[in-house]
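**Student:** build me a model:
(one chain, ligands or ions: 1)
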Amino acid sequence: MSVAEARPVVSNMAPAQSDSERRMREVLDAQRRAHLKDGPPSATKRSEWLDRAIALLVGHKEAIAEALREDFGHRSVHATLLTDVAGSIGPLKQAKAHLKGWMKREKRSVSPALLGLFGARAYVEYQPKGVVGVISPWNFPVNLTFAPLAGIFAAGNRAMIKPSEYTPRSSELMARMFRSAYDETEVAVFTGGPEVGAAFSRLPFDHLLFTGATSIAYHVMRAAAENLVPLTLELGGKSPVIVGESADLDLTAKRVMFGKTLNAGQICLAPDYVFVPQAKARDFVAAADSAVRAMYPTLKDNPDYTSVINQRHYDRLMGYLEDAKSKGAELIELNPAREDFRQQPFWKIPPTVVLNPTDDMQIMKDEIFGPLLPVKTYEHVEEAIGYVNEHPRPLGLYYFGGDGEEQKRVVSRTTTGGVTLNDVVMHVSMEDLPFGGIGPSGMGAYHGIDGFRTFSHAKAVFKQARMDVTAMMRPPYGEKIQKMMDMQIKR
Ligand code: NAD
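**Tutor:** Sure, this is the predicted structure:
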């Protein structure tokens, strides 16, 4: 009996293969064959892959803005250029500029150090993993498909992509774009809904990146586990804002309301709810109202104000408001021109403050993902810290204020994917910072060098000295090894 046979074998039954699953499997096999045949791509080849992605974005910027505008009912063209076009080109260019440095072999020390004198060497070689699967969501469909390619290509991998069915025009457009610039063995796109997503996540990729909802991540992780596929999960959660006593309320409100209204709050890192000092709650709401008025004098026909993605999400968000109202929260619509939203061609919802929500309200249970802002109050900042810690670990946390001690306390006593101080969301755009969540808000990270490393295999290499330095470790044992052990086994 071999060692493998001595272990109990658990059978992993997958459902019968569909045509689309078979097709995806064929492409995966073809990509893997090409990867093995060509070997790790040179820096020039990786740079060229990155360049092609940049050229696609530049060449299709209008088509991307138009597809997204249609997919959302209405989406601000300028916001699309900012988040999905420029926001993807930035990471791709950064990867291009740094990839040679990232690819360098990393020298490590040998132990014991004496071995180095005899010529032994240790280093880490960053090797492409092979084929990376990418499942992307609808809220920034282009950004969350293209930006990961910065790290994926820089690390020398090929990619298979499954974009969201909620943005069909953008997903089809991206499929066409990639087909026009890459061979199927370099990049391939598969469109479709959850069934295609589920089949996609069952493929034995060399790495899988899933960006989406925490509830779906359970299924994706289970599917990846069947093949022990290394997995990065980029999820969401309820990212809190803690406004300190020392914060400038006007500036805070401007920044919070920008984060809450950009893409109509449909951002994984959107400020979900705000904690303000009790005595300042009304002042904060007034400042939020002014901030919205300054950005959007009108909302309904304003091309800068984005719609909620579809009826399902519209109903979900309106349901939160009804539920909160029925349970005693005060709703304050930030609707500068007092427009009536009952009749409209889109699913726009005016930014709405939900003052003094309680935990039994659905809006305080789910990730909001829309332009609604619960405002809670505290007497002492410890209450806000305690509240955050009693709830699932979020993707982001935002602290506003000039009190250095308080800032340090908030950051060190809470555990979140990342933090932005005196603003919201912005840490995601710092390409040199790892981006990711923790626990229910995600697993692993990417962006910049951290993306390169996530999509690389950090291979440990040890090169032994030519001299027979390990002779004394071999039997027959005697005095020599005993002396060596006596030297090492002590405090
Ligand atoms: P979603 O999880 O519903 O869908 C994401 C993708 O998964 C889509 O392509 C979908 O077709 C696919 N999918 C659906 N069911 C699947 C299954 N069973 N197996 C495999 N794939 C499946 O998420 P969404 O509604 O598109 O996006 C919103 C969520 O994504 C929010 O929770 C948000 O916070 C999160 N998000 C996170 C980040 C981040 O970078 N951390 C960025 C954007 C959005």
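**Student:** okay, CA-based contacts and neighbour counts for the rest of this
**Tutor:** Will do.
**Student:** leaving out sequence neighbours, find the closest residue to the residue in the stretch 351-491 of the chain positioned nearest to the ligand.
**Tutor:** The ligand sits closest to residue 436 of the stretch 351-491 of the chain, with a gap of 6.2 Å, by C-alpha to the nearest ligand atom. Ranked by C-alpha to C-alpha, 6 or more residues apart in numbering and with sequence neighbours excluded, the top spatial neighbour of residue 436 is residue 445, at 4.3 Å.
**Student:** next one: residue 41
**Tutor:** Counting by C-alpha to C-alpha, 6+ apart, residue 41 lies nearest to residue 156, which is 5.6 Å off, once chain neighbours are set aside.
**Student:** domain-wise, how is this structure divided?
**Tutor:** As given by automatic domain parsing, the domain ranges for the chain are 19-235+442-458, 240-431.
**Student:** now the ones you listed as TSV including distance to residue 469?
**Tutor:** Formatted as TSV, those follow (distance: least, C-alpha to C-alpha, whole Å):
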stretch	distance to residue 469
domain 19-235+442-458	8
domain 240-431	45
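**Student:** can you redo the ones you listed as a markdown table with mean neighbour count, distance to the ligand and mean pLDDT?
**Tutor:** As requested, the domains of the chain are arranged in a markdown table below (neighbours: other C-alpha atoms under 10 Å; distance: least, C-alpha to the nearest ligand atom, whole Å; pLDDT from 0 to 100):
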| stretch | mean neighbour count | distance to the ligand | mean pLDDT |
| --- | --- | --- | --- |
| domain 19-235+442-458 | 20 | 3 | 97 |
| domain 240-431 | 19 | 3 | 97 |
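**Student:** how far does whatever helix or strand residue 406 lives in sit from the chain's center?
**Tutor:** Using DSSP states H and E, residue 406 maps to helix 404-412. Helix 404-412 sits 25 Å away from the centroid of its parent chain (C-alpha atoms, centre = their mean, to the nearest Å).
**Student:** need the contact partners of it.
**Tutor:** For helix 404-412, contacts defined as C-alpha atoms under 8 Å, 6 or more residues apart in numbering pick out 244, 385, 399, 401, 419.
**Student:** so of those residues, which ones are in strands?
**Tutor:** Counting by DSSP state E, those place 399, 419 in strands.
**Student:** surely residue 252 is in a helix?
**Tutor:** Yes. Assessed with DSSP: H, G, I helix; E, B strand; the rest coil, residue 252 lies in a helix.
**Student:** contacts only, for it.
**Tutor:** By C-alpha under 8 Å, 6+ apart, the contact set of residue 252 is 243, 400, 422, 423.
**Student:** one more time with 7 Å
**Tutor:** residue 400 (C-alpha atoms under 7 Å, 6 or more residues apart in numbering).
**Student:** got the phi/psi numbers for the residue nearest to residue 41?
**Tutor:** Note on residue 156: backbone dihedrals following degrees, to the nearest 10 are phi 90, psi 20.
**Student:** what's the helix or strand for residue 274?
**Tutor:** Per DSSP H and E: strand 271-277 holds residue 274.
**Student:** got it, and residue 345?
**Tutor:** Residue-wise, residue 345 maps onto no helix or strand under DSSP H and E.
**Student:** how about it: what's its closest non-neighbour residue?
**Tutor:** Using C-alpha to C-alpha, 6+ apart and skipping the chain neighbours, the partner closest in space to residue 345 is residue 73 (7.8 Å).
**Student:** before we move on, what about residue 480?
**Tutor:** residue 472 (7.0 Å).
**Student:** so that neighbour is in contact with residue 482, correct?
**Tutor:** No. The criterion here is C-alpha atoms under 7 Å, and residue 472 misses it with residue 482 at 9.9 Å.
**Student:** with neighbour numbers in mind, choose between these two.
**Tutor:** For residue 472 versus residue 482, neighbours defined as other C-alpha atoms under 10 Å are more numerous around residue 472 (15 against 12).
**Student:** tell me the one among the contacts of helix 404-412 nearest to residue 194.
**Tutor:** Of all the contacts of helix 404-412, residue 194 sits closest to residue 419, with 31.6 Å by C-alpha to C-alpha.
**Student:** hang on, residue 204 is in a strand, isn't it?
**Tutor:** No. The assignment for residue 204, made by three-state DSSP, is coil rather than a strand.
**Student:** surely it is in contact with residue 229?
**Tutor:** Yes. Between residue 204 and residue 229 there is a contact at 6.3 Å, judged by C-alpha under 7 Å.
**Student:** now do the helix or strand harbouring residue 284: which elements does it pack against?
**Tutor:** Residue 284 belongs to helix 281-295 when assigned by DSSP H and E. With contacts defined as 3 or more C-alpha pairs under 7 Å, 6 or more residues apart in numbering; DSSP states H and E, helix 281-295 has these neighbours: helix 249-261.
**Student:** measure the spatially closest residue to residue 291 that is not a sequence neighbour to residue 233 for me?
**Tutor:** Closest residue to residue 291 apart from its sequence neighbours, by C-alpha to C-alpha, 6+ apart: residue 254 at 4.9 Å. Applying C-alpha to C-alpha, to the nearest Å, the value for residue 254 to residue 233 is 31 Å.
**Student:** do the same with residue 423
**Tutor:** 25 Å.
**Student:** thank you kindly, that will do.
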